[in-house]
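> sequence first, then the predicted structure, then my questions.
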Amino acid sequence: MPVGIDFDNTIVSYDRVFAEAARQHGWVAADFSGTKKELRDCVRLLDDGEIKWQILQGEVYGRRMGEAVPFPGAMEFFRAARLRGVELFIVSHKTRYSNYDTFKVDLREAALAWMERNGFFDPSGLAFSRDHVFFADSRAEKIARISALGCGVFIDDLEEVFVDPSFPTGVARVLFTAEASVDDRAIIVRNSWPDIARYVLEDAGGGEEVDDDIASVAECLAGAPLRSLQPARTGGGNNRLFRVETTAGRIYALKSYPRQASDRRDRLSTEFGALDFMRRHGVAQVPKPIAKDGQASFALYEWIEGVPVKPSVGAVEAAAALIRALHALSDAADATAMAPASEACFSAQAIVAQVEARLAALRGQAAAHSELAEFLDTAFAPALGRCVACARELYASARLGFDAPIDDGLRCLSPSDFGFHNALLRADHSIVFVDFEYFGWDDPVKLTSDFVLHPGMNLTVELKKRFLDSMSEEFGADETFAVRLKASLPLYALRWTMILLNEFLPERWARRVMAGIRGDRAAILNAQLDKARTMLRRAETGDILA
């Protein structure tokens with residue numbers, strides 16, 4: 001649920017700055033003390049009061065912008081929202097220049113500079129994206145932007161924004177004001193940022209309670225009393241994540257692993273063991289495991305302070321570096337104790353078997369979803385037959401067994417669900433990869449295919465080719481790698497087509513709910529079906545890198 005926030009007099013407090021500027025002009029008494037609204041009303045009573053007020057605005061929002069301060073609790077709201085994975089936008093009605101500012105200061109640049117100074121864009125601070133800041137020349141443009149962004153909540157200090165007939169219906173209207181109430185019952189009145197945070201992040205469904213049992217587990221694993229325990233969901237749909245801080249100031253990540261009757265995998269032991277293995281062998285690009293409680297299904301890890309990773313050449317090189325480090329550990333004495341990765345595919349036939357199993361599971365839900373049924377029967381099933389036939393021909397021409405597993409010596413240790421969707425960029429520009437619940441031995445062809453096909457990564461063709469070249473070089477000693485990759489990429493695209501439709505499975509949706517991920521299920525199912533159609537086209541046309 002995206003949350004939109006006004007800027008002036010909502011995030012930023014100008015009361016002191018306006019009063020000081022008005023006193024210097026001699027427009028209010030030297031002992032004036034009051035809010036910005038009270039000062040505005042006072043100035044407007046003067047001769048040419050409206051012009052004087054606009055002169056003050058141009059001065060305060062321009063060359064004196066640096067004197068303004070955030071409202072108490074506003075910065076804490078941004079931090080808490082970020083930890084919960086809430087998408088935030090700033091939408092401000094702010095012209096570029098004031099008509100009465102003789103210095104002609106760019107008001108928008110002044111606002112951005114204020115945000116910069118207050119840590120909004122610092123990866124180790126609020127880590128707010130500049131792309132999420134919008135300025136509008138008029139109220140109508142501002143309201144149109146709120147609608148276009150799909151905000152579920154908007155926070156503003158001006159009631160006239162919310163009562164405008166064009167304000168989109170269905171958007172919760174939170175008015176930040178000291179007034180006790182307003183006439184419009186559709187407007188939610190809050191007079192402090194802590195109150196706004198409670199409404200937006202908890203009362204309106206954006207947050208979750210942390211019960212005493214979780215706090216007890218966290219304290220036990222950390223070995224120290226807690227100062228705070230906050231939900232810190234990062235967008236995944238399988239687990240719950242918490243930020244733990246002890247009274248000694250140590251910060252950890254507490255991760256839960258909900259048990260599901262339909263999934264018997266021990267994801268906790270797999271991830272904890274994988275991270276322990278890598279850290280013991282000097283792989284520093286992953287979190288350090290601290291402690292685990294298998295009975296309670298919780299584990300404690302090093303807290304990684306960072307922001308989502310954007311695809312880039314450097315990011316792809318960091319991913320390739322981790323794979324090279326894992327490949328170098330293939331001969332480690334304790335590597336043999338590692339189990340196969342979850343859903344490992346050691347033969348082409350194993351890929352096909354997984355696709356067919358997923359297809360059968362989805363067909364079990366098709367009776368309740370006519371569009372899904374039509375897609376599976378008229379589009380997917382025929383495409384599966386054609387792609388399998390093509391892959392068999394390529395295997396046969398290279399004299400490789402379609403059903404034969406690859407030799408143990410050709411296998412690699414794989415993170416499995418690997419990509420920038422499971423990575424964080426630190427302030428020092430290093431990248432840390434997280435989420436190793438499905439770690440284990442696998443075919444490097446599967447690792448390579450999954451990385452370039454993952455729908456959550458949005459890699460450019462250039463970046464996909466760069467990663468493919470890195471993997472071809474790393475695993476080039478395997479003379480079969482290239483042909484197996486060419487034959488298998490369309491099959492893995494079919495597998496991803498099925499994975500994209502997981503939301504149609506009741507057990508998958510149950511895991512999302514347990515993890516605290518909410519949303520309109522019908523809208524999510526339609527979106528996933530569209531993504532599946534796109535992936536299927538890539539498999540059929542052979543344009544895998546598109």
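In hand now; what should we look at? Residues are numbered from 1 along each chain as shown.
> quick one: contacts for A404?
S347 (Cβ atoms under 8 Å, 6 or more residues apart in numbering). Heads up, the C-betas are built off the backbone N, CA and C, glycines and all.
> L275 contacts Q285, correct?
No. In this structure L275 lies outside contact range of Q285 using Cβ atoms under 8 Å: 10.9 Å.
> okay, the two: which has more neighbours?
Here L275 and Q285 are compared on neighbour count by other Cβ atoms under 10 Å; more neighbours surround L275, at 22 against 16.
> can you name the residues that contact that one?
Under the criterion of Cβ under 8 Å, 6+ apart, the neighbours of L275 are 286-289, 301, 436.
> got the phi/psi numbers for it?
Dihedral pair for L275: phi -70, psi -40, per degrees, to the nearest 10.
> now do it against V244, distance only.
Distance of L275 to V244, computed by Cβ to Cβ, to the nearest Å: 17 Å.
> what packs against the helix or strand harbouring R533?
For R533, the element it lies in under DSSP states H and E is helix 521-541. With contacts taken as 3 or more Cβ pairs under 8 Å, 6 or more residues apart in numbering; DSSP states H and E, helix 521-541 sits against helix 370-374, helix 381-397, helix 481-499.
> go through those and name the closest to I524.
Put simply, out of those the one that sits nearest I524 is helix 370-374, at 12.9 Å, with distance taken as Cβ to Cβ.
> for the closest one, buried residues please.
Judged by neighbour count (16 or more other Cβ atoms under 10 Å), helix 370-374 contains these buried residues: L372.
> circling back: drop anything exposed from the contacts of L275.
For the contacts of L275, buried by 16+ other Cβ under 10 Å: 286-287, 289, 301, 436.
> return the member of those residues nearest to T497.
When those are compared against T497 (criterion: Cβ to Cβ), the nearest one is F436, at 24.8 Å.
> for the closest one, give its distance to A224.
26 Å.
> before we move on, the earlier item: what angle do the helix holding R533 and helix 381-397 make?
For helix 521-541 against helix 381-397, the angle between stretch directions is 40 degrees (axes from the mean of the first three to the mean of the last three Cα atoms, to 10 degrees).
> which residues sit against helix 521-541?
With contact meaning Cβ under 8 Å, 6+ apart, helix 521-541 is reached by 369, 371-372, 375, 379-380, 383, 386-387, 453, 455, 490-491, 493-494, 496-498, 500-504, 509, 543-544, 546.
> can you give me the angle it makes with helix 481-499?
Following the same axes, to 10 degrees, one obtains 150 degrees for the angle between helix 521-541 and helix 481-499.
> identify the residues contacting the nearest residue to L268 once chain neighbours are set aside.
When the adjacent residues along the chain are set aside, L268 lies closest to Y257, with 4.3 Å between them (Cβ to Cβ, 6 or more residues apart in numbering). Under the criterion of Cβ under 8 Å, 6+ apart, the contact list for Y257 reads 239, 267-268, 297-299, 437.
> so which of those wins on neighbours?
Ranking the contacts of Y257 using other Cβ under 10 Å puts A299 first, with 25 neighbours.
> show the pLDDT at that residue.
As summarised for this prediction, A299 has a pLDDT of 97.
> go on, the one 10 residues further on?
What the model reports for V309 is a pLDDT of 91.
> and what of D195?
In this prediction, D195 carries a pLDDT score of 86.
> that one: neighbour count?
A total of 16 residues lie near D195 under the criterion other Cβ under 10 Å.
> thinking again about what came up before, export the buried ones among the contacts of L275 to a markdown table and tack on distance to R40 and secondary structure?
Written out in a markdown table, the entries for these read as follows (distance: Cβ to Cβ, whole Å; DSSP: H, G, I helix; E, B strand; the rest coil):
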| residue | distance to R40 | secondary structure |
| --- | --- | --- |
| V286 | 55 | coil |
| P287 | 51 | coil |
| P289 | 57 | strand |
| Y301 | 51 | strand |
| F436 | 56 | coil |
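> between these, which is closest to R130?
Relative to R130, the closest of those is P287; by Cβ to Cβ it sits at 28.1 Å.
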